[in-house]
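>>> The amino acid sequence is not available; the structure is as follows:
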């Protein structure tokens, strides 16, 4: 069985993330979507809320398991018998960062491969940070995130105002 993990902070999950998830789950027998905490970011949603939102959006994908983890991605992969790390790429800047991460992961776990998946063109500009910024200022995020995520995002932002 070929297992992969698609890690991220997913704060919140976007249609771009879902595109990578749906395409990846066709390539692997099992795909873990793992919510990791990013120490450099102040999250809007808790880890539990993010796992819940992703689980709702992936409920029709039988080979996808949504979870969370802390620490090194390669440790998570080893514990779960994962052979492949899936990384989504939007632009050259993503590649520069992700390439360095892939090399470090290869040094730490030579048996685990990293696969880069290019985002679909309609999501090339999309990021969770941009979605939150647009939503904070009252912009429409309808085509950027799934409807359930949009409702939770708007609700969360109104509570924190």
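That came in fine, so what should we check first? From a predicted model like this one, the values you see are computed outputs, not experimental measurements.
>>> The helix of greatest length in the chain: how far from the chain's middle?
What stands out as the longest helix in the chain, according to DSSP state H, is helix 92-108. Helix 92-108 has its average C-alpha position 16 Å from the chain's average C-alpha position, going by CA atoms, centre = their mean, to the nearest Å.
>>> in it, what's buried?
94, 98, 102, 105 (16 or more other CB atoms under 10 Å). For glycine as for every other residue, the C-beta is placed from the backbone atoms N, C-alpha and C.
>>> Among those residues, which one lies nearest to residue 116?
residue 98 (6.6 Å; CB to CB).
>>> Contacts only, for the closest one.
87, 89, 114, 116 (CB atoms under 8 Å, 6 or more residues apart in numbering).
>>> Mind pulling up the pLDDT for residue 161?
If you check residue 161, the pLDDT there is 48.
>>> got the buried residues for the lowest-mean-pLDDT helix or strand in the chain?
None of the helices or strands of the chain scores lower by mean pLDDT, DSSP states H and E than helix 147-160, at a mean of 89. Buried residues in helix 147-160, counting neighbours by 16+ other CB under 10 Å, are found at 149, 150, 152, 153, 156.
>>> those strands in this protein, which residues are they?
Using DSSP state E, the strands of the chain run over residues 3-8, 30-36, 64-69, 84-89, 113-118.
>>> Before I go, just wanted to say thanks for your time.
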